[in-house]
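Visitor: next input, structure requested:
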Amino acid sequence: MVTPRPKKILLMKLRALGDTVLMTAALAELKRAWPAADIHVAVTSTWAPLLENHPAVSQIWKYERFEDRGARAKSVMRLALKLRREHFDCVVNLHASPSSAMIAFATGAPIRSIHFHGHKDRNRHSTVEIPGKGIVKPIIERDMDAVRALGIQVPSGRLPQIYIHEREREEAAQRLSRSGLASTGPLLVIGLGASRPAKAWPIERYAELAVRWANDVKGGRVLAVLGPSEKSEFDDFLKALERSLLKQVSDPGLHAAIRSRITAERDLSLRQLAAVMTLASVCAGNDSGPRHIAVAVGCPTVTVFGPEDPFEWHPYDRKIHPLLYIENLPCRRDAMPGMPPWCGVHVCVQEQHRCMAMIDVDSVMTECRRVAR
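Guide: Down below sits the predicted model:
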């Protein structure tokens with residue numbers, strides 16, 4: 001089979017924010033199986049801070065991804081050469097692309113569990129047979145197949161985990177206080193971001209949700225979060241918030257009181273965001289990275305799904321992490337045969353974004369109140 005106790009392991013996942021969070025579930029299983037092993041991780045540099053302070057990680061290797069093909073090829077080669085000098089016994093590549101598979105192969109590790117992203121792609125350069133290839137599974141279970149290929153028995157129900165220091169929690173509380181959210185009332189964090197507009201619930205509905213939480217929940221506070229590059233969405237939310245306040249609240253004093261308990265930020269670092277999530281009662285948002293961060297620090301979530309079926313990308317207990325999704329819409333017709341329903345449009349014009357428009361604020365609010373801690 002494989003070396004029973006590899007001394008030095010490289011775990012790789014050179015993908016997006018959510019992928020990086022999710023890989024921590026597989027990381028924990030490797031450490032559980034081989035507690036004495038020296039485990040390194042290779043991840044996209046932007047998301048690397050999330051793995052800082054993880055007790056299973058000995059070293060983080062950062063992959064700089066460039067849009068230009070030439071620059072990207074050089075970045076791949078630089079990382080491959082650095083990793084080759086480490087003399088790993090075993091490499092586990094959870095969600096491989098041709099580039100990351102080449103890096104894994106170039107390390108020279110005698111044991112390589114390389115699980116390609118495409119369900120029908122051959123697992124090139126893998127020295128072990130990975131079970132479950134071609135079977136559609138929730139993403140954590142799919143990642144775990146690359147771990148199972150090493151002879152490790154993996155229990156079901158494993159979750160990602162990010163480690164936040166108490167000092168970071170204290171700093172997050174101070175930041176909330178400076179933003180006007182100093183009370184100890186239930187905090188709703190709203191993740192407004194999405195990888196494409198079609199995956200975003202209408203911003204007006206998030207604004208209405210924010211006002212209702214601050215108005216209907218005793219002491220309710222709201223923090224809406226976006227990334228540094230999402231300035232137009234940030235501005236749109238603030239405008240929608242004012243419109244929603246005018247529509248829902250006529251008394252000027254109540255209007256001001258509610259507005260004082262709602263704020264928005266787009267300059268939080270990843271670790272600051274994770275620290276804030278540890279203080280939140282619930283996180284509501286689109287199918288995007290922040291809700292995976294919330295799960296990984298133990299915060300309940302409510303996720304709004306639109307063009308993509310949640311089967312693969314919501315590997316969580318729906319009693320604690322419910323979702324809203326409109327089933328059986330015929331416009332989701334871009335998936336390959338045998339795959340869950342999927343629509344790949346960037347902006348939905350023809351169908352008027354009905355997969356999201358059919359999800360109302362009452363439903364999201366009800367779920368937020370139900371799971372809030």
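Visitor: sketch out the strands for the stretch 101-250 of the chain, chain order is fine.
Guide: Listed in chain order, the strands of the stretch 101-250 of the chain (DSSP state E, counting those that start in this stretch) span 111-116, 187-191, 221-225.
Visitor: contacts for the first one?
Guide: For strand 111-116, contacts defined as CB atoms under 8 Å, 6 or more residues apart in numbering pick out 2-3, 6, 89-97, 101, 104-105, 122-128, 130, 133, 142-143, 145-147, 149-150. Yep, even glycine has a C-beta here, placed from its N, CA and C like the rest.
Visitor: now those: which count as buried?
Guide: 2, 6, 89-97, 101, 104-105, 123, 125-128, 130, 133, 142-143, 145-147, 149-150 (16 or more other CB atoms under 10 Å).
Visitor: among these, which ones are in helices?
Guide: 101, 104-105, 142-143, 145-147 (DSSP state H).
Visitor: between those residues, which is nearest Leu188?
Guide: For those, the minimum distance to Leu188 (CB to CB) is 29.8 Å, reached by Asp143.
Visitor: how close does the closest one sit to Leu50?
Guide: Using CB to CB, to the nearest Å, one obtains 16 Å as the distance from Asp143 to Leu50.
Visitor: Ala194 too?
Guide: In terms of CB to CB, Ala194 sits 19 Å off from Leu50.
Visitor: again with Val304
Guide: 23 Å.
Visitor: please apply the same query to Arg85.
Guide: In terms of CB to CB, Arg85 sits 25 Å off from Leu50.
Visitor: neighbour-wise, which of the two wins?
Guide: Using other CB atoms under 10 Å, the more surrounded residue of Arg85 and Leu50 is Leu50, with 27 against 8.
Visitor: pLDDT wise, what is that one at?
Guide: Looking at Leu50, its pLDDT reads 97.
Visitor: I'd say it and Val21 touch.
Guide: Yes - between Leu50 and Val21 there is a contact under CB atoms under 8 Å: 6.2 Å.
Visitor: quick one, what contacts the residue lying closest to Ile320 once chain neighbours are set aside?
Guide: For Ile320, ignoring the flanking residues on the chain, the nearest one in space by CB to CB, 6 or more residues apart in numbering is Pro300 at 5.4 Å. Neighbouring residues of Pro300 by CB under 8 Å, 6+ apart: 281-283, 294, 320-321, 371-373.
Visitor: repeat for Ser75
Guide: Listed by CB under 8 Å, 6+ apart, the contact set of Ser75 reads 63-66.
Visitor: for the residue nearest to Glu204 when sequence neighbours are not counted, give me its contacts.
Guide: In space, and not counting its chain neighbours, Glu204 is closest to Ala240: 4.7 Å by CB to CB, 6+ apart. By CB under 8 Å, 6+ apart, the residues touching Ala240 are 203-204, 206-207.
Visitor: repeat that for 6 Å
Guide: Residues counted as contacts of Ala240 (CB atoms under 6 Å, 6 or more residues apart in numbering) are 203-204, 207.
Visitor: count of residues packed around Gly180?
Guide: Look at Gly180: counted by other CB under 10 Å, it has 13 neighbours.
Visitor: state the distance from it to Pro202.
Guide: In terms of CB to CB, Gly180 sits 26 Å off from Pro202.
Visitor: for this structure, what are the low-confidence residue spans?
Guide: The model of the chain has pLDDT under 70 over residues 1-4.
Visitor: what about the helices in it?
Guide: Under DSSP H, the chain gives helices at 17-33, 69-84, 98-106, 139-148, 166-178, 203-216, 231-248, 252-259, 270-279, 289-296, 354-357, 361-371.
Visitor: any idea which of those helices is most buried?
Guide: Sort the helices of the chain by mean neighbour count, taking mean count of other CB atoms under 10 Å, and helix 289-296 sits at the top with a mean of 27.
Visitor: which strands and helices sit next to it?
Guide: Packing partners of helix 289-296 (3 or more CB pairs under 6 Å, 6 or more residues apart in numbering; DSSP states H and E): helix 17-33, helix 270-279, strand 282-286, strand 301-304.
Visitor: from Glu265, how far off is Leu176?
Guide: Distance from Leu176 to Glu265, by CB to CB: 10 Å.
Visitor: what's the answer for Arg169, then?
Guide: 17 Å.
Visitor: now Leu159
Guide: Distance from Leu159 to Glu265, by CB to CB: 26 Å.
Visitor: now Glu230
Guide: According to CB to CB, Glu230 stands 11 Å off from Glu265.
Visitor: surely Met277 meets Val297?
Guide: Yes - between Met277 and Val297 there is a contact under CB atoms under 6 Å: 4.8 Å.
Visitor: outline the domain layout of this protein.
Guide: As given by automatic domain parsing, the domain ranges for the chain are 8-148, 166-371.
Visitor: need these in JSON lines (columns: distance to Pro155).
Guide: Shown next, in JSON lines, are the domains of the chain (distance: least, CB to CB, whole Å):
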{"stretch": "domain 8-148", "distance to Pro155": "8"}
{"stretch": "domain 166-371", "distance to Pro155": "14"}
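Visitor: give me the residues contacting stretch 169-187.
Guide: Under CB under 6 Å, 6+ apart, the answer for stretch 169-187 is 217, 219-221, 260, 263, 275-276, 278-281, 372.
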